[in-house]
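> let's see this in three dimensions:
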Amino acid sequence: MPIVNRIAEFAEDMKTWRRYLHQNPELGFDCHNTAQFVVERLSDFGITEIHKGIAQSGIVALINGRGEGPTIGLRADMDALPIEEATGAEYSSVIPGKMHACGHDGHTTMLLGAARYLAETRNFSGTVALIFQPAEENGGGGKIMVEEGIIDRFSIDKVYALHTEPGAPSGQLSTTPGPIMAAVDTFDINITGQGGHAAMPHLAVDAIPAAISITQALSTIVSRNHNSVEDLVVSVTQIHAGTIDNVINDDAYVGGTVRTFAGPVQDMVERRMQEICQGHAAAFGVDVKCNYSRGYPATINTPIETEFATGVAREICGDNMTVPDRTRDMGAEDFSYLLEKRPGCYLFLGQGNGASWHNAAFDFNDDVSPIGASFFARLVERAQPLEE
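Residues are numbered from 1 along each chain as shown. From the prediction side, this is the model:
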């Protein structure tokens with residue numbers, strides 16, 4: 001596996017960075033200490049153009065090559081999750097109730113590794129924009145950074161990102177052209193009846209039967225209103241009603257998520273949910289309010305950039321450890337907002353066996369950091385080579 005030699009030389013430094021970040025997780029947009037650590041490392045590398053405070057704690061740092069050319073954007077997310085860590089590692093989180101359970105500490109480390117190499121060598125034309133983003137897990141930091149103008153402000157032409165993948169072979173890079181991660185929507189359904197004594201239900205209007213029936217009816221959106229060859233998930237994840245056994249409660253709540261890859265499918269699901277809720281309101285004599293909220297859009301790789309990134313992956317990992325047509329994922333990712341503005345590619349980097357994402361036992365595999373950093377570095381050098 002041809003990891004860049006120079007990057008291999010400072011692999012231990014990358015491990016030290018990553019474990020520091022792992023011990024000091026931050027949530028959402030409040031990644032100020034993480035950002036300060038990133039700025040200090042970038043400054044150590046001799047990078048002088050560092051723009052701070054984007055989307056509160058985000059950073060864009062620029063490295064200029066040795067010739068004129070476009071700007072390529074490389075993105076890493078920095079935020080952690082509100083989970084109590086259970087890895088037992090000596091470098092476990094020192095912040096109660098917070099941990100890096102999705103590998104963002106590793107993503108930040110890999111981009112820092114690439115930054116160190118690229119700042120030292122500058123064997124490319126044009127510019128590299130290093131994008132360190134807060135609030136991927138919750139809040140849409142990618143959207144905010146786009147809204148605050150990073151694409152046009154820094155003249156970014158293409159964008160790329162990596163995400164660690166537990167369970168996939170260590171060092172495997174995989175991607176696919178077109179949709180790779182789903183759009184994520186949420187729904188909240190509030191059902192209001194009239195409370196009463198549980199022994200005299202005829203004097204009340206019970207919201208619970210309506211909630212149960214609505215929940216069952218929502219499953220028919222996938223099975224009866226949707227083309228079965230297209231991906232769609234409608235999951236009810238919450239039902240709340242009542243607090244005591246001899247009282248018919250006034251209201252009930254049903255909530256959940258919708259995952260799909262296409263806007264027209266989202267439109268259909270939202271329309272059918274509203275129709276189902278209106279019909280049940282009439283049938284059960286209750287008031288039903290359905291709020292359907294659209295979240296991150298689908299993450300859609302552009303074909304040319306995906307083919308290019310796959311070629312670089314083969315150079316780093318070899319043919320047998322490069323997957324150009326992975327199955328798309330029903331999870332969501334706010335890198336989608338950058339891909340809506342510019343062509344690019346999102347890839348997964350396998351880290352071997354271990355606990356999955358968002359699990360209290362998850363830990364990033366430090367052995368793959370030099371692979372990810374080498375991929376980013378070669379991506380820049382191949383995309384924007386120096387003229388002969």
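> regarding residue 62, what is its secondary structure?
Under the three-state scheme (DSSP: H, G, I helix; E, B strand; the rest coil), the conformation of residue 62 reads as strand.
> number of residues surrounding the closest residue to it other than its chain neighbours?
Once flanking residues are discounted, residue 62 sits nearest to residue 49: 4.3 Å by CB to CB, 6 or more residues apart in numbering. In this view, the C-beta of every residue, glycine as well, is placed from N, C-alpha and C. With neighbours defined by other CB atoms under 10 Å, the count for residue 49 comes to 13.
> equivalent analysis for residue 122, please.
Under the neighbour criterion other CB under 10 Å, residue 122 is assigned a count of 17.
> for residue 238, same thing?
Residue neighbour count, defined by other CB under 10 Å, stands at 11 for residue 238.
> and the contacts of whichever strand or helix holds it?
Residue 238 is part of strand 232-240, with elements assigned from DSSP states H and E. Contact with strand 232-240 is made by 182, 211-212, 215, 218-219, 221-222, 226, 252-260, 265, 269, 330, as judged by CB atoms under 8 Å, 6 or more residues apart in numbering.
> can you map out the helices along this structure?
If DSSP state H is used as the criterion, the helices of the chain fall at 5-9, 11-23, 32-44, 104-121, 141-147, 150-153, 207-224, 263-284, 303-317, 336-341, 369-383.
> could you dump these to a markdown table with mean pLDDT, mean neighbour count and distance to residue 64?
Supplementary listing: these in a markdown table, determined by pLDDT from 0 to 100; neighbours: other CB atoms under 10 Å; distance: least, CB to CB, whole Å:
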| stretch | mean pLDDT | mean neighbour count | distance to residue 64 |
| --- | --- | --- | --- |
| helix 5-9 | 98 | 15 | 19 |
| helix 11-23 | 98 | 19 | 23 |
| helix 32-44 | 98 | 17 | 14 |
| helix 104-121 | 98 | 25 | 10 |
| helix 141-147 | 98 | 22 | 21 |
| helix 150-153 | 98 | 17 | 16 |
| helix 207-224 | 97 | 18 | 50 |
| helix 263-284 | 97 | 16 | 38 |
| helix 303-317 | 98 | 20 | 21 |
| helix 336-341 | 98 | 21 | 21 |
| helix 369-383 | 98 | 25 | 12 |
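> would you turn the ones you listed into CSV with distance to residue 127?
Compiled in CSV, these are given as follows (distance: least, CB to CB, whole Å):
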stretch, distance to residue 127
helix 5-9, 20
helix 11-23, 23
helix 32-44, 14
helix 104-121, 10
helix 141-147, 17
helix 150-153, 12
helix 207-224, 46
helix 263-284, 33
helix 303-317, 17
helix 336-341, 16
helix 369-383, 10
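> I figured residue 25 hits residue 99, correct?
Yes - in terms of CB atoms under 8 Å, residue 25 counts as a neighbour of residue 99; the distance is 5.5 Å.
> what is in contact with the two at once?
Listed contacts common to residue 25 and residue 99 are 80, 81, 93; contacts here mean CB under 8 Å, 6+ apart.
> so which of those wins on neighbours?
Ranked by neighbour count (other CB under 10 Å), these have residue 80 at the top, with 26 neighbours.
> and that one, how close does it get to residue 137?
From residue 80 across to residue 137, the span is 8 Å (CB to CB, to the nearest Å).
> can you check which residues contact both of those two?
Between them, residue 80 and residue 137 share the neighbouring residues 27, 102, 104, with contact defined by CB under 8 Å, 6+ apart.
> redo those residues as CSV? Include distance to residue 324.
Shown next, in CSV, are the shared contacts of residue 80 and residue 137 (distance: CB to CB, whole Å):
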residue, distance to residue 324
27, 35
102, 24
104, 25
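> wait, which of these is closest to residue 190?
residue 27 (27.9 Å; CB to CB).
> surely the closest one is in contact with residue 98?
Yes - taking CB under 8 Å as the contact criterion, residue 27 and residue 98 are neighbours in contact, 6.1 Å apart.
> what's near enough to touch residue 55?
With contacts defined as CB under 8 Å, 6+ apart, the neighbours of residue 55 are 29, 133, 134, 135, 141, 144, 145, 148.
> I'd guessed the last one sits against residue 54; true?
Yes - with contact defined as CB under 8 Å, residue 148 and residue 54 form a contacting pair (5.5 Å).
> between these two, who's got more neighbours?
residue 54 (21 against 15).
> relative to residue 346, how far out is residue 319?
Relative to residue 346, and taking CB to CB, residue 319 is found at 21 Å.
> looking at these two, which one has more neighbours?
The residue with more neighbours, out of residue 319 and residue 346 and counting by other CB under 10 Å, is residue 346; that gives 26 against 8.
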